[in-house]
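Chemist: dropping a prediction and its sequence here:
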Amino acid sequence: MPKIRRFRGKPPPEGWDLIEHTLEELEAKMREAESDTHEGKRRVESTWPIFQIHHQRSRFIYEMYYKREGISKELYDYCIKEKIADQALIAKWKKQGFENLCCLRCIQVRDTNYGTNCICRVPKESLDDEKKVIQCVHCGCRGCSG
């Protein structure tokens, strides 16, 4: 995941100080997750914290702009342009049925054996064994279908 690049020629727009502290905290978590040891974990489990922090960062920008209206359009565009937030994931969150989507890999049918969505996209009510904990192989999500 890209680092937070704040000054690539021009300074960030007004309102950056409102989100800077939270983004720095998430960036520190990201660095910690990237440097975390992989011993004792399955190969896919080692990337789960990175996906989850990436989701948190994009969700924070999304909610600040669309839900709370706490940041300006210029600041939102700056975050998208600097790749602080994931533009494609935010575009999916705006569509009906994808409001809680955890990552884009869960809806890509080419990554599954039978050409369907990930198991975390299946509503828990329609699964046979509700007591069984189901986790996505891609990102570790336990159910983002709602």
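Modeler: Structure received. Numbering: from 1, shown residues only.
Chemist: any low-confidence regions in the chain?
Modeler: The chain contains residues with pLDDT under 70 at 1-9, 128-130, 146.
Chemist: apply 80 and report the result again.
Modeler: Within the chain, the ranges that satisfy pLDDT under 80 run 1-10, 111-113, 115, 117, 124-134, 145-146.
Chemist: the spatially most central residue of it and residue 47, how far apart?
Modeler: In the chain, the C-alpha nearest the mean C-alpha coordinate belongs to residue 55, at 1.5 Å (Cα atoms, centre = their mean). Per Cβ to Cβ, to the nearest Å, residue 55 is found 12 Å from residue 47. C-betas here are computed from N, CA, C, even on glycine.
Chemist: can you pull the phi/psi pair for the residue lying closest to residue 87 once chain neighbours are set aside?
Modeler: Leaving out its chain neighbours, the residue that sits closest to residue 87 by Cβ to Cβ, 6 or more residues apart in numbering is residue 80, at 4.9 Å. Torsion angles at residue 80 (phi, psi; degrees, to the nearest 10) stand at phi -70, psi -50.
Chemist: what's the burial count for residue 80?
Modeler: Neighbourhood size, residue 80 [other Cβ atoms under 10 Å]: 16.
Chemist: ok, residue 77 to residue 61 distance?
Modeler: 11 Å.
Chemist: check residue 30 too.
Modeler: To residue 61, residue 30 is 14 Å away according to Cβ to Cβ.
Chemist: what touches both of residue 55 and residue 47?
Modeler: When contacts are counted by Cβ atoms under 8 Å, 6 or more residues apart in numbering, residue 55 and residue 47 have residue 139 as shared neighbours.
Chemist: neighbour count: residue 77 and residue 61, which is higher?
Modeler: Higher neighbour count among residue 77 and residue 61: residue 61, with 22 against 13, using other Cβ under 10 Å.
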